[in-house]
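Participant: can't give you the sequence, but here's the structure:
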């Protein structure tokens, strides 16, 4: 775990990359050659240097900027290239393509970094009066266009960075709660909580960079979700600043029958209803012990059946994951390289399990899970694959940048469905994707895993690697539409934990229905009548 | 488990009673004498005969009734005394007092029993056009004024009975899901699911009469909540008919990051946003085995600490309950009688635990829980108290009617708070109640238990028995206001599982804040612009 950068307002990730320049892992020449032979006609697509980029003009006047500076302090309003560019794009494949190919980078007109709810409210009120859009910014890890600085037809757009909401407050170890600033990164929160012997236990792949506020705004789900739940389940209460005032959904009690659960309106709201500034979270003592065991199943269906039974029986692993045959072949070699074999392993589908808690607790959960998995066709292959996964688990997005360097299409997307529908959904999505991306006779590889399990169903996480054609943005636009249709037509949700952003807006009417869209618009226009908050995200337009 | 009555539209409970005439348990003369000596000046308050009641006039014309009959069939619209009276009042203490004391019973003008979503929609559209209010009716077990037929200033009010939504559909044993008609009672649902080897596992005290739709609309919580969760957590999706059309919140997947969770807007909405007609629920195989063990703790604080540690460690009981000293003294004697000692038991606070699942699962959970409870000061007193509780657990509301017969004030209410605040909240609520109800030197007994536990906190369920004064309604109105203030001022939610109804409306602004109220009103006016749906419940008025 690295201590996150605390200097402000430095953006957390390098432009165009997952992570920082130092984290880059360029492919070796031999792997490049192998990829070139697989990918065929791919063109290298390097990232331009920051100083070579052409940026959109700043549309805020000096008067505007002075007004904003009065609200938050002059050092917390910036129109510098170094601040605007990293907040211009997230980390979707579209974003990464735009980084490399766009003629002009559409940037937020300014980056504004308030430190208190009062300052946030004043900024929102100024933006409401001045018809300026606001895009909240946490870690910038969105892979669905969540930080794209759309202006919604208003005269400008600012990036509102939450980085100065960076403290752990009000730790209550008895109730297992702590209030965390929305701008704290995953590692920062864990480092601070560890001082109290506590842990959040939320480890999505974006963990090193993503923020507490972002986790809540997008309904993030971490790799330990079998043990600690999705992030939305960890939220005891929140502070949300809307143009109409501040709301603290969930403040009254851990559980209540006092009407609709107001937290659930703001969880997943992606900054379109308000700015989440603080989150009071469930925290727990740092686990005493961990245990690890990997299994191999003869095929994906057998593996899905087994992880289903584990979840429905409640045997209690903290982590349970299942890769399909294609992904297993990759994982059994290495998580941070492609094509380098590290010892043989049984063919089939890899299932990783981990257990956390007191020694007795871990032992009983491990034993019950293990016996069930073995009885359902699993074969134990020891703890090494799980430890290897745990060590490298935040590393794979870095690899994507290297694949793009050599001209590969590489993207991930995810869905969830009921257990009885898993096989059908996986098959149809894979077929649609493969059919679309191999049209010109090029290669397409589709990997899939289950990483989040529920009593009724599970997530399906897909990774696709294919050969870019000569119109790579259009190529993925067409494929993405087909994938979304395949998901929607075959009983999946359009997103299990990546959120809607701009990329999935077109699927929202199917997801929540016409009455649901009406409701979202009613909530939006009540809280944000001027439509300044993150326009173009979540739902397409106001009523 | 009794087979519920399937004849329609017979109301499920007798007027003025919990349960049916056959279930009455009149107190023996010796207990009556004892109570009289404790209660002092109490006056007997018998329930009038149905035929002696004076009812509010029917305000619907023959033309109105004919229009409704056209929509749902003439046998499904009734203005009969036998149908109107049982739907006039729920089972709160206020309701029970009104039953015995009111000069005129305010009844719904008609009882309408549609059988399909299409019929419900047409009834809502007719009521919208004709300015007639609609109170949805399930089991009529509300203890917070949830079925009070308020007209909201409209020209009449109908009771919309869901009894004909009475089927189990679409059972998916792989995904652990089944769609249940909103009008099915708890026993009816369990009997039907048992044919598939499945169980819902939702056992609130209202179980014998309350319905699936009511559970969802009020965020009911059952006695097995430690194992199977609150009812709101069991809801995979719903069908809700609003005046603006039908919505199916949650249909897409078991878990999703596609924006706000629309289910959570309708869960707890108490029929004010729409009529819940079907609920797709989590179901699970009927457990193979059960284990039982009761413990005694030296005092309530020690017990609370122990049940907290059980929940936070995740040792996994299906039921865990803790009674305070006063309630324990009652429970250790009998659940269905007062004052008859059945053998001695250790003094202190009774903690009941139950475990369900496969034999191995039950054994490991029982062992881990037991060891933790013993290590934290618990003393095992065997399984008998738990079995006794299980046997009588739906019976105690019947007792309340007998207490009212002899002129006692008897009511229950509940709240929830963080673990670190349990002692303070319990103390302040008990003090406020005792102070108010002993003002004229009469007796007041306050019992309390913890029956629902969460990582961050737990519920506190209070039972109060006191001497009625000569203005019994006013007496409880004043006491209820003080109790609500004590809850709100001391960090509790106004209701953990009884819902808002009419009784808690005044606390909603504190519960969700001014922006929250604005949001509720926006949702309400979007879905129900004419304000026909259950006026006066949940939130006080429209925007």
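Facilitator: Sure thing, it's come through. Quantities reported herein were computed from a predicted structural model and do not represent experimental measurements.
Participant: how about the strands in the stretch 401-543 of chain A?
Facilitator: Taking DSSP state E, counting those that start in this stretch as the criterion, the stretch 401-543 of chain A carries its strands at A:408-418, A:444-450, A:457-467.
Participant: Out of those strands, which is closest to residue B:82?
Facilitator: Residue B:82 lies closest to strand A:408-418 among those, at 43.4 Å (Cβ to Cβ). All C-beta spots, glycine's among them, are computed from the backbone N, C-alpha and C.
Participant: What mean pLDDT does that closest one get?
Facilitator: What strand A:408-418 shows for mean pLDDT is 96.
Participant: Output the strands of the stretch 401-543 of chain A in JSON lines; the columns should cover mean neighbour count and distance to residue A:73.
Facilitator: What follows is the strands of the stretch 401-543 of chain A, written out as JSON lines (neighbours: other Cβ atoms under 10 Å in any protein chain shown; distance: least, Cβ to Cβ, whole Å):
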{"stretch": "strand A:408-418", "mean neighbour count": "24", "distance to residue A:73": "39"}
{"stretch": "strand A:444-450", "mean neighbour count": "21", "distance to residue A:73": "46"}
{"stretch": "strand A:457-467", "mean neighbour count": "24", "distance to residue A:73": "42"}
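Participant: Show me the one of these that comes nearest residue B:307.
Facilitator: Among the strands of the stretch 401-543 of chain A, strand A:457-467 comes nearest to residue B:307, with 31.2 Å by Cβ to Cβ.
Participant: wait, does the closest one contact chain B?
Facilitator: Yes: using Cβ under 8 Å from any Cβ of the partner chain, we find that strand A:457-467 touches chain B at A:457-459.
Participant: So which of those residues is the closest to chain B?
Facilitator: residue A:457 (3.9 Å; Cβ to the nearest Cβ).
Participant: Next, the contact list for that closest one, please.
Facilitator: By Cβ atoms under 8 Å, 6 or more residues apart in numbering or on different chains, the residues touching residue A:457 are A:416-419, A:421-422, B:175, B:253-255.
Participant: Kindly recompute the last result at 7 Å.
Facilitator: Contact partners of residue A:457, counting by Cβ atoms under 7 Å, 6 or more residues apart in numbering or on different chains, are A:416-419, B:175, B:253-254.
Participant: Distance-wise, check the closest residue to chain B within the stretch 351-500 of chain A relative to residue B:249.
Facilitator: Closest approach of the stretch 351-500 of chain A to chain B (Cβ to the nearest Cβ) occurs at residue A:493, with a separation of 3.5 Å. As judged by Cβ to Cβ, to the nearest Å, residue A:493 and residue B:249 stand 13 Å apart.
Participant: Same check on residue A:364?
Facilitator: Taking Cβ to Cβ, one finds residue A:364 at 37 Å from residue B:249.
Participant: Ok, residue A:120 next?
Facilitator: 30 Å.
Participant: Comparing the two, which shows the higher neighbour count?
Facilitator: Shown here are residue A:120 and residue B:249; by other Cβ atoms under 10 Å in any protein chain shown, residue A:120 has more neighbours (28 against 25).
Participant: So what's the residue count around the closest residue in space to the more buried one that isn't next to it in sequence?
Facilitator: In space, residue A:120 comes closest to residue A:241 once its chain neighbours are excluded; the distance is 4.4 Å by Cβ to Cβ, 6 or more residues apart in numbering or on different chains. Applying other Cβ under 10 Å, we find 26 other residues in the vicinity of residue A:241.
Participant: partner residues bridging residue A:241?
Facilitator: Beta-bridge pairing for residue A:241 (DSSP bridges): residue A:246, residue A:275.
Participant: Also residue A:408?
Facilitator: residue A:467.
Participant: pretty sure it contacts residue A:39?
Facilitator: Yes: the criterion here is Cβ atoms under 7 Å, and residue A:408 meets it with residue A:39 at 5.5 Å.
Participant: Need the overlap of contacts for those two.
Facilitator: residue A:467.
Participant: So what touches stretch A:87-106?
Facilitator: Contacts of stretch A:87-106 (Cβ under 7 Å, 6+ apart): A:11, A:15-16, A:18, A:45-47, A:53-56, A:85, A:107-108, A:111, A:137, A:140-147, A:149, A:159, A:404, A:409-411, A:472-473, A:476, A:503.
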